[in-house]
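Asks: Fold the following.
(one chain, ligands or ions: 1)
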Amino acid sequence: MPRRFEVVEEDCIGCGLCSERAPENFEIPTGTSVAQVLKQPETSAEEEACLEACDYCPMGGLHAGAADSPPAEKPAGPAPPTLTPAGDSTPADVTPTRLES
Ligand code: SF4
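Replies: Residues are numbered from 1 along each chain as shown. Below you'll find the model as predicted:
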């Protein structure tokens, strides 16, 4: 039985990679910037496409669980890293600190 997939809305940036990889299963509704599950995969090909979409999601916003699993809760953890412009490897708000021995 194929796995069950879901979008964690708080993590989705609406990039559309999931709907490109698995258009039968994910979409970004017109006027929104958050992906949603159109339907759970029903074939191994659709499941494969959904797993690929999970791999491509830059925010880790797609979750795959067992077919009979309950909806996943948002995992506790650190906030995603802040992107910096190319060539700017030092964020402006970082101040060097001195470690006490
Ligand atoms: S690939 Fe991830 S971040 Fe991009 S639209 Fe899909 S769920 Fe959202």
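Asks: So which bits of the chain are right by the ligand?
Replies: Within reach of the ligand by C-beta under 6 Å from any ligand atom, the chain has these residues: 7, 12-18, 28, 35, 57-59, 61-62. Yep, even glycine has a C-beta here, placed from its N, CA and C like the rest.
Asks: swap the cut-off to 5 Å and go again
Replies: 12, 13, 15, 17, 18, 35, 57, 59, 61 (C-beta under 5 Å from any ligand atom).
Asks: Compare those and tell me which has the most neighbours.
Replies: residue 18 (28 neighbours; other C-beta atoms under 10 Å).
Asks: In helices only, show me the residues of the chain next to the ligand.
Replies: Within the residues of the chain next to the ligand, residues falling in helices by DSSP state H are 17, 18.
Asks: Report the contact partners of residue 42.
Replies: Neighbouring residues of residue 42 by C-beta atoms under 8 Å, 6 or more residues apart in numbering: residue 2.
Asks: SS state for it?
Replies: coil (DSSP: H, G, I helix; E, B strand; the rest coil).
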